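A.B. asks: Curious how this folds, go ahead:
(one chain, ligands or ions: 2)
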Amino acid sequence: MQNFDYQTPTRLIFGKGVVEQLPAVMAQFGKKVLLTYGGGSIKKIGLYQKVLKLLKDFEIVELSGIQPNPKYDPSVLEGVRLCKEHKVDVILSVGGGSVLDCSKAIATGACYDGDPWDLISYKVKAQAALPIVDILTLAATGSEYDCGGVISRTETNDKIGYIDEHLFPVVSFLDPTYTFSVSRKQTAAGIADAMNHTMEQYFVEDATLLNDGFCESMLRSLMENGRKCLENPEDYTARAEMMLACTYGCNGILALGNSESGWPCHGIEHALSAYYDITHGEGLAIITPRWMQHILSERTLPRFVKYGINVFGIDPSLGKWEIARKAIDETYRFFESIGIPMHLREVGIDDSRIDEMAHHIAVNEGLENAYVPLDEVAIKEILVASL
Ligand code: NZQ
Ligand code: ZN
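C.D. replies: Ligands and ions are numbered 1, 2, ... in the order given. Predicted coordinates for the structure are as follows:
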């Protein structure tokens, strides 16, 4: 087992009706609030109106229109400007992972005198951040329980995973009923995202029996509850378990003591959504089985056999290679069965920029250090196989 140093300071407040506690929680951090949200889903479900009512004694400044794959310009820059101009005390993020990631970049940018991109691009280490409280409305990223934020800069085709200990939310409100309205497309993408977070931590050289069990249980839970959420979007029990499973995805708890994985599918997918602005979970679902095919070898075979038997219930008496191939096939078929388009062409990506993207990924994502190292040629092969 590898050494580790681990802390997750975020307070999770989970369940039906927990948002009623918002005023008491917010009061701990100040009176001036930057309320951040996306394109309007929170108004459709009445959450925006509820938040304003609950926070009637607070001074609210709003930043709306944060897009999926949140953009540095204008959203992060505008948020930082508002925080500085109004001397905001605390950020309240209401929405999915994109709103929260954008809020995280705003939180450190607001405490920095220079260009916030210096922080996101790791030129300068953040020294402080405004506190972030969130009300999550979409189960997927795990941003509510981690210290990462993913920010896109359109003009340079960059989508950077910005990780810093200042980015942990101080409090995350998780009420599964606010996810009832999430569309089929986004629900399926959320399932795929959280499943891939788990796989990124499962396929490593050195893993413990303990972590393998967590990961296998996560995957089975996400598939079973994910299906139920799609069949009946208002199934509270299924939405709740899916929400909690997604929350565990990215804060490292599934991989304590394991060796590094390099998160290769994320490295590849971030370029796809940087270049083509596609939905993150869909990109991951397309890449994952092709990446699996690529890395299957004598060395990785035992991991695939374990995965196939414990996650998909494949007959252990079959040959090892047969189990591994079936496991990859089951992975593909599960994503297909929940309605995810399984080819890049179906999400508007053709072969015209494959070389450019493979180069960009090889230079920027450090995948030469992944569980199975990927160079530019390997990345291109995976992208071509995904077309
Ligand atoms: O903008 P609004 O109107 O709110 O609509 C959103 C958006 O169109 C909608 N939505 C959210 N909650 C809803 C809802 N629609 C109906 N009812 C609700 N309750 O869903 C759409 C997608 O929202 P978005 O926030 O983009 O989705 P998600 O939570 O999947 O976030 C994706 C972003 O997170 C990054 C991804 O790269 C992507 O940019 N990631 C962040 C991570 C992290 N911080 O740890 C890790 C992940 O691996 C991921 O990379
Ligand atoms: Zn992800």
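
A.B. asks: do you know how far the closest residue to residue 275 other than its chain neighbours is from ligand 1?
C.D. replies: Sequence neighbours aside, residue 157 is the residue nearest to residue 275 in space, at 5.3 Å (criterion: Cβ to Cβ, 6 or more residues apart in numbering). Heads up, the C-betas are built off the backbone N, CA and C, glycines and all. Noted for residue 157: a distance of 14 Å to ligand 1, by Cβ to the nearest ligand atom, to the nearest Å.

A.B. asks: For residue 157, grab the count of nearby residues.
C.D. replies: By other Cβ atoms under 10 Å, 16 other residues sit near residue 157.

A.B. asks: Just to check, it is in contact with residue 272?
C.D. replies: No. Judged on Cβ atoms under 8 Å, residue 157 makes no contact with residue 272 at a distance of 10.5 Å.

A.B. asks: List the contacts of stretch 291-302.
C.D. replies: Contacts with stretch 291-302, where a contact means Cβ atoms under 8 Å, 6 or more residues apart in numbering, come from 203, 264-265, 268, 304, 320-321, 324-325, 327-328, 331, 371-372, 374, 378, 381-382, 385.

A.B. asks: Show me what from the protein comes close to ligand 1.
C.D. replies: Counting by Cβ under 6 Å from any ligand atom, the chain comes close to ligand 1 at 38-42, 45, 68-69, 95-99, 101, 137-138, 140-143, 146, 148-150, 178-179, 181-182, 186, 190, 193, 250, 266, 280-281.

A.B. asks: of those residues, buried ones?
C.D. replies: When those are checked for burial by 16 or more other Cβ atoms under 10 Å, the buried set is 38, 41-42, 45, 68-69, 95-99, 101, 137-138, 140-143, 146, 148-150, 178-179, 181-182, 186, 190, 193, 250, 266, 280-281.

A.B. asks: Among those residues, which are located in helices?
C.D. replies: Counting by DSSP state H, the part of those found in helices is 41-42, 97-99, 101, 186, 190, 193, 266, 280-281.

A.B. asks: Now the spatially most central residue of the chain: closest residue in space that isn't a chain neighbour?
C.D. replies: The centroid of the chain falls nearest to residue 141 when counting by Cα atoms, centre = their mean (2.6 Å). Of all residues not flanking residue 141 in the chain, residue 97 sits nearest, at 3.2 Å (Cβ to Cβ, 6+ apart).

A.B. asks: pretty sure that neighbour is touching residue 145, no?
C.D. replies: No. Counting by Cβ under 8 Å, residue 97 sits too far from residue 145 to count as a contact (11.3 Å).

A.B. asks: quick one: contacts for the residue in the stretch 251-387 of the chain that ligand 1 sits nearest to?
C.D. replies: Nearest residue of the stretch 251-387 of the chain to ligand 1, counting by Cβ to the nearest ligand atom: residue 280, 3.8 Å away. Residue 280 makes contact with 68-69, 140-141, 150, 189, 193, 269, 273 under the criterion Cβ under 8 Å, 6+ apart.
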